[in-house]
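Asker: How does the following fold in three dimensions:
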Amino acid sequence: MAMVSEFLGQLTLSYGTEVEPTFPTVVPVADFDPARDAVRIETAIKTKGVDEQTVIDILTRRSYKQRREIAFEYERLAKKDMIIALKGALSGSLEALMLGLMKSATEYDASELKASMKGLGTDEETLIEMVCSRNNEEMVDIKKIYKEMFKKDLEKDIAGDTSGDFAKLLLSLVQTKRDEPSNVIDYEKIDEDARALYEAGVKRKGTDVATWIAIMSQRSVPHLQKVFDRYKSYSPYDMKESISKEVKGDMEKSFLTLVECFQNRQLYFANRLSEAMKSKGAKEKVVTRIMVSRCEIDLMKIRTEFKKQHKRSLYQTIAEHTKGDYQKALLSLCGGDD
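Answerer: Residues are numbered from 1 along each chain as shown. Below is the predicted model:
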């Protein structure tokens, strides 16, 4: 009987192979007329003092594909580029948010990665968030678009901007060597990886970071979720506690981000939003980036996780910690209160 149950256990056919469903807050509007929207935006920009509310109402409630159509119609009617017109009319955080919406999710990710490595000093926090929270498919697309946009390889830019184990970890994630989820649960491999993580860290003096990097950048997410459960039978600490004991600085942040995203990616983003808004002088760049990059992917689910974790809605938190037209745009992307 034990043999049969073990065999059935290996046939869990839904083991993480489904396409990840989307939970957007921004969806295509039904009664869509790009020419009408283009005229309204042109009028809003020309108005003395700029009618930001109209721009917000239109751009935050249309899908990316629809925004592109509006931009096309705008150029045809106004004989100028809509993005340049928006740049001239808006400023500050609202401008950054609106211009972000005019890029596809992948273009936006690519440009945020580029910005994190521009000029003197690297914005490691952004680099960690972007590289450690994107799945294989997203990262393949980002690399392709990055090359098209900047005529450079993302890998080369990261290698030139980071060093040591931190560079090794980021590069191994960008190389997208992660296994695809399988229909068969390999219990032996789960046990082997859990033991290897323990022996490379908590069990020894000094951490064998290379082993941690290899396992966390190459195994499929459903496999790793089971590895972290199994890990507890070897280590007196769970995986996150072990990371905090073994490594510090950028490595600690990176490994923790990975584990949090493997366990619940939307909860990771919810916590990032909460931290960014709580911090003195809300970290608007972080808030903008998550709201813009996730609104057509999984922001509805992030909203749910936010409420569950922080006992108040994302909507209320945005209303409390931001202001003005920027606040209006964020609330519109948020798509409602929970």
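Asker: model confidence over stretch 308-322, on average?
Answerer: If you average the pLDDT over stretch 308-322, you get 97.
Asker: swap that for stretch 122-139, sorry
Answerer: Rounded mean pLDDT across stretch 122-139 is 96.
Asker: can you map out the helices along the stretch 51-200 of the chain?
Answerer: 52-59, 64-78, 82-89, 92-101, 105-116, 124-133, 136-150, 154-161, 164-174, 187-200 (DSSP state H, counting those that start in this stretch).
Asker: how far out from the middle of the chain is the first one?
Answerer: Centre-to-centre, helix 52-59 and its host chain are 25 Å apart (Cα atoms, centre = their mean, to the nearest Å).
Asker: now what about it, what contacts it?
Answerer: Contacts with helix 52-59, where a contact means Cβ atoms under 8 Å, 6 or more residues apart in numbering, come from 37, 40-41, 43-45, 67, 70, 86, 89-90, 94, 98, 101-102, 325, 328-329, 332. For every residue, glycine as well, the C-beta is placed using N, CA and C.
Asker: Return the alpha-carbon coordinates of that helix using PDB.
Answerer: Output in PDB follows, covering the C-alpha atoms of helix 52-59 (Å, rounded to 0.1, in the frame of the first residue of the first chain):
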ATOM      1  CA  GLU A  52      -4.000  66.400 -14.700                       C
ATOM      2  CA  GLN A  53      -7.300  64.700 -13.600                       C
ATOM      3  CA  THR A  54      -8.300  64.000 -17.200                       C
ATOM      4  CA  VAL A  55      -4.900  62.600 -18.100                       C
ATOM      5  CA  ILE A  56      -5.000  60.400 -15.000                       C
ATOM      6  CA  ASP A  57      -8.600  59.200 -15.700                       C
ATOM      7  CA  ILE A  58      -7.600  58.100 -19.200                       C
ATOM      8  CA  LEU A  59      -4.200  56.600 -18.900                       C
END
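Asker: tilt between that helix and helix 92-101?
Answerer: Angle, helix 52-59 to helix 92-101, by axes from the mean of the first three to the mean of the last three Cα atoms, to 10 degrees: 20 degrees.
Asker: tell me which residues of helix 52-59 are tucked away?
Answerer: If you call a residue buried by 16 or more other Cβ atoms under 10 Å, then helix 52-59 has these buried ones: 52, 54-59.
Asker: Now do that helix, average pLDDT.
Answerer: Average pLDDT, helix 52-59: 98.
Asker: ditto for the fourth one
Answerer: For helix 92-101, the per-residue pLDDT values average out at 98.
Asker: Pull the residues that contact that helix.
Answerer: Here helix 92-101 makes contact (Cβ under 8 Å, 6+ apart) with 52, 55-56, 59-60, 64, 67, 83, 86-87, 90, 108, 284-285, 288-289, 291-293, 324-326, 329-330.
Asker: Need the buried ones from those selected in PyMOL.
Answerer: Selection command for PyMOL covering only the buried members of those, criterion 16+ other Cβ under 10 Å:
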select buried, resi 52+55+56+59+60+64+67+86+90+108+284+285+288+289+291+292+293+325+326+329+330
